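Visitor: All I have is the shape, not the residue letters:
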């Protein structure tokens, strides 16, 4: 009776299922057995579909946006520290680059870049003073968290700026270095 109930529920396909032992899948799976991983299709059609997709385009755009400032500042001007700072800034601005109208995306990224530079500058000016850094971090966290009032994009801008603040406050800067 149990076999009939299981067969009617679709759990058993035939009597051979009862006689065969239950096989365990190895880690990594096996494409020939039920429950294993699906085989990967490396056909030219799927590769072209991926290369021309917006995922690949977005990844290449973000990678170039992060690498070009560092390569220009290091290769042409021999300023590796500024190149690293520009790369961190570009990566934090890329957090805000979400799908939407181009005009809105440009305004959001420009606002994030300006606010991120101001956040990094204020944090760098406060790094020589322990109590000043405490008050600066608390104030900036409060202000940047309030940006989430403007929705998802405002929250992303606040997060990106807090990430820049966190990356900036680990080194002590002179006022000349902070303004650079």
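Guide: Sure thing, it's come through. Here the structure is a predicted model, which is why all the values come from computation and not from measurement. Numbers count the residues shown, from 1 in each chain.

Visitor: Now residue 132: which helix or strand?
Guide: helix 130-145 (DSSP states H and E).

Visitor: And the contacts of that helix?
Guide: For helix 130-145, the surrounding residues in contact (Cβ atoms under 8 Å, 6 or more residues apart in numbering) are 119, 122, 123, 126, 127, 157, 158, 159, 161, 162, 165, 169. Just so you know, the C-beta spots here come from the backbone N, C-alpha and C atoms, and that holds for glycine as well.

Visitor: average pLDDT across that helix?
Guide: For helix 130-145, mean pLDDT rounds to 96.

Visitor: From the chain's centroid, how far away is it?
Guide: Relative to the chain's own centre, helix 130-145 is displaced by 25 Å; criterion: Cα atoms, centre = their mean, to the nearest Å.

Visitor: centre of the chain versus stretch 153-162, how much separation?
Guide: For stretch 153-162 - counting by Cα atoms, centre = their mean - the centre lies 13 Å from the chain centre.

Visitor: Mean confidence (pLDDT) on that stretch, please.
Guide: Stretch 153-162 shows a mean pLDDT of 95 in the predicted model.

Visitor: Same question for stretch 65-84.
Guide: pLDDT averaged over stretch 65-84 gives 90.

Visitor: Quick one: end-to-end distance for that stretch.
Guide: Stretch 65-84 has an end-to-end distance of 13 Å (Cα to Cα, to the nearest Å).

Visitor: Which is the succeeding secondary structure element to the helix holding residue 132?
Guide: Using DSSP H and E, the next helix or strand after helix 130-145 towards the C-terminus is helix 152-168.

Visitor: What are the buried residues along that next one?
Guide: With burial defined by 16 or more other Cβ atoms under 10 Å, the residues of helix 152-168 counted as buried are 153-165, 167-168.

Visitor: coming back round to it: pick out the most distant pair among the contacts of helix 130-145.
Guide: Greatest spacing in those, by Cβ to Cβ: 127 and 157 (22.8 Å).

Visitor: can you pull out the helices in the protein?
Guide: For the chain, applying DSSP state H gives helices covering 2-8, 16-19, 44-51, 54-75, 80-94, 102-126, 130-145, 152-168, 175-179.

Visitor: pretty sure residue 86 contacts residue 67?
Guide: No: taking Cβ atoms under 8 Å as the definition, residue 86 is not a contact partner of residue 67, at 10.3 Å.

Visitor: who's more crowded, these two?
Guide: More crowded of residue 86 and residue 67, by other Cβ atoms under 10 Å: residue 86, with 18 against 13.

Visitor: quick one: the nearest residue in space to that one that is not next to it in sequence from residue 132, how far?
Guide: With sequence-adjacent residues excluded and distances taken as Cβ to Cβ, 6 or more residues apart in numbering, residue 86 is closest to residue 69, at 3.7 Å. Here the distance between residue 69 and residue 132 works out to 29 Å (Cβ to Cβ, to the nearest Å).
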